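K.L.:
Quick one, fold the following:
(2 chains)
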Number of protein chains: 2
Amino acid sequence: MPLQSFSADEIREMEQRYRVQFINSLSGFKSVNLVGTVDAQGHTNLSIVNSVVHIGANPPLMGFILRPITVARDTHDNIMATGHYTFNHLTEAMYKQAHQTSARYPADVSEFDATGLTPAFEGDFPAPYVAESPVRIGLKLREKMEIPLNGTLLMIGEIVEVWTNADCIAPDGYVDIEQAGSIACSGLDGYHRTTRLARLSYAKVDREVREV
Amino acid sequence: MPLQSFSADEIREMEQRYRVQFINSLSGFKSVNLVGTVDAQGHTNLSIVNSVVHIGANPPLMGFILRPITVARDTHDNIMATGHYTFNHLTEAMYKQAHQTSARYPADVSEFDATGLTPAFEGDFPAPYVAESPVRIGLKLREKMEIPLNGTLLMIGEIVEVWTNADCIAPDGYVDIEQAGSIACSGLDGYHRTTRLARLSYAKVDREVREV
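P.N.:
Below is the predicted model:
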């Protein structure tokens, strides 16, 4: 397959929206989650993010990249106000509603109401889950790190609660998110179902990996 | 679908390897990339990461999480020595070789040699690409941020070169990585091919999203 090269100069000279699409495609397939929050008065908010990343298992930490100035101001302010938020995986049944949450609704409009997704409050956890989501994670903010290069924020939360279908958890702890119905995304707006090729054994120097 | 809850206490009490599998599954589907580096003497190194995340398009920035103490010491040291590295998407044809790079080879063994993947040097870019990869990105380190919560590092690089199949680039700049042959991963060891559901239009408040 002949590949074409794109230099730093060529990337810099791309039309701005073209460059945004191009660069957003390069990291590979991405997670896609709805972030559920609530303000101090109890108004719910929902936003879609494709930058959630595993930070560590002990303590259980997940991060995501937030652009507080241009978008997602409500999400940022709500997390700072309450210290809590949820991540909720998307499914084929509701990814269009989830995508619609990225429209710029006024602060007094809940994206739950606007898109028809259902807020689910569990116990005394302060932030709303998405009832249509098969994998839901409750987080407490632990660290907000500014990335000086472009002013974005890495928001790191500790997992304090998980909701998922126990039938999707393998004996070794792996959660089969494909079986649960989670989907993937690419770029800014591509959504994909998946088909598992394999799980592979822990790699050792003198042994070929095998399917497990 | 009945969901089961897992509390912070229940997560903390999980057996350590079980918790690692469980927590690593929660972020959703992940990108998976091979990181190509070289040391000051020209010895090549290759490691697999599933934490690459888009940071920004202008300047074009990508990050990844690195655990320098426990694993990937060579990757870390090589990036610090040369300031450059590559990301290379995985395909169905070579994901098992890519997974095998996570075995703990001695520092004097190149994972290229050990796994049969082919280093490709392009022009005067100092780090090796993976010849079998359909989407290859050359990066220059711009920032190394330590995450105090667990000592991991967020390594942020600026994209200085991209190699991909021009036929896979849509008119708006979106790179169709599924068409290019890239795959996704889940948890620590699950690999998945994808099937696109749709690309969705830019969301606006008073308009339903549509497929584009």
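K.L.:
A:Ile159 belongs to a helix, doesn't it?
P.N.:
No: following the definition DSSP: H, G, I helix; E, B strand; the rest coil, A:Ile159 is strand and is not counted among the residues of a helix.
K.L.:
wait, it sits on A:Gly63?
P.N.:
No: between A:Ile159 and A:Gly63 there is no contact, the gap being 11.5 Å when judged by CB atoms under 8 Å. In short, each C-beta sits where N, CA and C put it, glycine included.
K.L.:
Looking at those two, which is more packed in?
P.N.:
Looking at A:Ile159 and A:Gly63 with other CB atoms under 10 Å in any protein chain shown, you find the greater number of neighbours at A:Gly63, namely 28 against 21.
K.L.:
A strand includes the more buried one, no?
P.N.:
Yes: assessed by three-state DSSP, A:Gly63 belongs to a strand.
K.L.:
For the residue nearest the centre of chain A, give the beta-bridge partners.
P.N.:
The geometric centre of chain A, computed from its C-alpha atoms, lies nearest to A:Asn33 (CA atoms, centre = their mean), at 3.3 Å. The partner list for A:Asn33 in beta bridges (DSSP bridges) reads A:Val49, A:His89.
K.L.:
For it, give me its contacts.
P.N.:
Taking CB atoms under 8 Å, 6 or more residues apart in numbering or on different chains, we find A:Asn33 in contact with A:48-50, A:52, A:64, A:87-90, B:27-28.
K.L.:
Which of the residues you listed are buried? Put it as a ChimeraX command.
P.N.:
Entered in ChimeraX, the line below selects the buried ones among the contacts of A:Asn33, by 16 or more other CB atoms under 10 Å in any protein chain shown:
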select /A:48,49,50,52,64,87,88,89,90 /B:27,28
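K.L.:
Kindly indicate which of the contacts of A:Asn33 lies nearest B:Glu10.
P.N.:
Closest approach between the contacts of A:Asn33 and B:Glu10, by CB to CB: A:Phe87, at 18.0 Å.
K.L.:
The helix or strand encompassing that closest one: what's the following helix or strand?
P.N.:
Of the helices and strands defined by DSSP states H and E, A:Phe87 is found in strand A:84-89. Counting by DSSP H and E, the next helix or strand C-terminal to strand A:84-89 is helix A:95-100.
K.L.:
Please compute how far the helix or strand that that next one is followed by lies from its chain's middle.
P.N.:
Read in the C-terminal direction, the helix or strand following helix A:95-100 is helix A:111-115, with elements assigned using DSSP H and E. Averaged C-alpha coordinates place helix A:111-115 at 18 Å from its chain's average position (CA atoms, centre = their mean, to the nearest Å).
K.L.:
outside of the next helix-or-strand element following helix A:111-115, which residues touch it?
P.N.:
Scanning the chain past helix A:111-115 towards its C-terminal end, the next helix or strand to appear is strand A:119-120 (assignment: DSSP H and E). Around strand A:119-120, the neighbours that count as contacts under CB under 8 Å, 6+ apart are A:36, A:44, A:46, A:110, A:112, A:128-131, A:136.
K.L.:
just those now: which is nearest B:Asp172?
P.N.:
Each of the contacts of strand A:119-120 was scored against B:Asp172 by CB to CB, and A:Leu46 proved nearest at 26.3 Å.
K.L.:
how about low-confidence regions in chain A?
P.N.:
Residue ranges of chain A with pLDDT under 70: A:1, A:68-71.
K.L.:
give me that answer again for 90
P.N.:
Scanning chain A for pLDDT under 90 picks out A:1-2, A:67-73, A:106-108, A:206, A:208.
K.L.:
can you give me the strands in it?
P.N.:
In order along the chain, chain A carries the following strands (DSSP state E): A:4-7, A:33-38, A:44-49, A:53-57, A:60-66, A:84-89, A:119-120, A:129-130, A:135-147, A:152-164, A:184-186, A:190-199.
K.L.:
could you dump the strand holding A:Phe87 to CSV, C-alpha only?
P.N.:
Listed in CSV are the C-alpha atoms of strand A:84-89, where the atom choice follows Å, rounded to 0.1, in the frame of the first residue of the first chain:
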residue,chain,number,x,y,z
HIS,A,84,-18.4,14.4,41.0
TYR,A,85,-19.3,13.2,37.5
THR,A,86,-20.2,10.0,35.6
PHE,A,87,-18.9,8.3,32.5
ASN,A,88,-21.5,6.3,30.5
HIS,A,89,-20.7,4.2,27.4
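K.L.:
That strand vs strand A:44-49, what angle?
P.N.:
Using axes from the mean of the first three to the mean of the last three CA atoms, to 10 degrees, the interaxial angle of strand A:84-89 with respect to strand A:44-49 works out to 50 degrees.
K.L.:
Give the burial count for the closest residue to A:Leu188 other than its chain neighbours, as a bare number.
P.N.:
Leaving aside its sequence neighbours, A:Leu188 sits nearest to A:Asn24 (CB to CB, 6 or more residues apart in numbering or on different chains; 5.0 Å). For A:Asn24, the number of neighbouring residues by other CB under 10 Å comes to 22.
K.L.:
quick one: which of the contacts of A:Asn33 is nearest B:Ser201?
P.N.:
Using CB to CB as the measure, the one of the contacts of A:Asn33 that approaches B:Ser201 most closely is A:Ile48, at 14.0 Å.
K.L.:
Just to check, the closest one is in contact with A:Ala98?
P.N.:
Yes: in this structure A:Ile48 lies within contact range of A:Ala98 using CB under 8 Å: 5.4 Å.
K.L.:
Now do the contacts for the residue nearest to A:Leu188.
P.N.:
Under the criterion of CB under 8 Å, 6+ apart, the neighbours of A:Asn24 are A:187-188, B:54, B:57.
K.L.:
wait, which of those is closest to A:Pro106?
P.N.:
When these are compared for distance to A:Pro106 (CB to CB), A:Leu188 comes out closest, at 22.7 Å.
K.L.:
which residue sits farthest out from the middle of chain A?
P.N.:
Taking CA atoms, centre = their mean, the residue of chain A most remote from its mean C-alpha position is A:Asp206, at 36.7 Å.
K.L.:
Return the distance of that one relative to B:Thr101.
P.N.:
14 Å (CB to CB, to the nearest Å).
K.L.:
OK, contacts around the residue nearest to A:Asp176 when sequence neighbours are not counted?
P.N.:
Leaving aside its chain neighbours, A:Asp176 sits nearest to A:Cys168 (4.6 Å; criterion: CB to CB, 6+ apart). Each residue near A:Cys168 by CB under 8 Å, 6+ apart is listed here: A:134, A:175-177, A:179-180.
K.L.:
cool, and A:Gly63?
P.N.:
Listed by CB under 8 Å, 6+ apart, the contact set of A:Gly63 reads A:52-53, A:55, A:154-157, B:65.
K.L.:
Going by neighbour count, list what's buried in stretch A:138-147.
P.N.:
A:138-140, A:142, A:145, A:147.
K.L.:
Sweet, I'm off.
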